[in-house]
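1. Give me coordinates for this.
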Amino acid sequence: MFERIDTVCLTVSNLEESSIWYQKLGFKVAFKGEGYQVFTIGNSGIPLTIEEGNVDSPDNSTYPIFFTNDIKTTYVNLKEKGVEVTELKDDGDNTFFDLYDLDKNKLQVCFWE
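-> Numbers count the residues shown, from 1 in each chain. A predicted model of the protein is given here:
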C-alpha cells in the first residue's frame, strides 16, 4: 500500500521568508509548487516540505506524507478498513488525500510522477 515516507510537511506563515531561512541552514530547494517548496537536507533520503498556511490553525501540525504507486487503490483500501479519509485532491503536481489516526493525528498519502 505505502512505498515510503515521501516527505515531512511543516506549515509556515510566509513561504518566501521561510525558504530563505531554511536555505541559510544549508537546505537546497528541490522543487517549487503552488504555495509550497520541497527541500533536500544533506544526504537524507527524506525531504522537508514547507507549505504556506495559517500557523494559528488547529490543523497546523507537522505530518508525514506517504508515497503510493496506486493512489486510488490505497484510498479505497483505507476507506474499506474504516480509516477516516478526506476526498482525493489533485493540485496539478500531486494527487493526495489526508487520513487521520485514532487520536486525530493528520497523515497524508500522495502520488506524483
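2. And what about the residue most central in space within the chain, helix, strand or coil?
-> The chain has residue 65 as the residue nearest its centroid, 4.3 Å off, counting by Cα atoms, centre = their mean. Secondary structure, DSSP: H, G, I helix; E, B strand; the rest coil: residue 65 is strand.
3. Which residue is the nearest non-sequential neighbour of it?
-> residue 108 (4.4 Å; Cβ to Cβ, 6 or more residues apart in numbering). Using the backbone N, CA and C atoms, a C-beta is placed for each residue, glycine as well.
4. for the residue nearest to the centre of the chain, what are its contacts?
-> 5, 6, 7, 8, 9, 49, 96, 107, 108, 109, 110 (Cβ atoms under 8 Å, 6 or more residues apart in numbering).
5. what's the spacing between the last one and residue 6?
-> Using Cβ to Cβ, to the nearest Å, one obtains 6 Å as the distance from residue 110 to residue 6.
6. just checking, residue 48 touches residue 41?
-> Yes - counting by Cβ atoms under 8 Å, residue 41 is a contact partner of residue 48 at 6.0 Å.
7. and the angle from the helix or strand where residue 9 lies to strand 63-67?
-> Using DSSP states H and E, residue 9 sits within strand 4-12. Strand 4-12 and strand 63-67 are oriented at 140 degrees to each other (axes from the mean of the first three to the mean of the last three Cα atoms, to 10 degrees).
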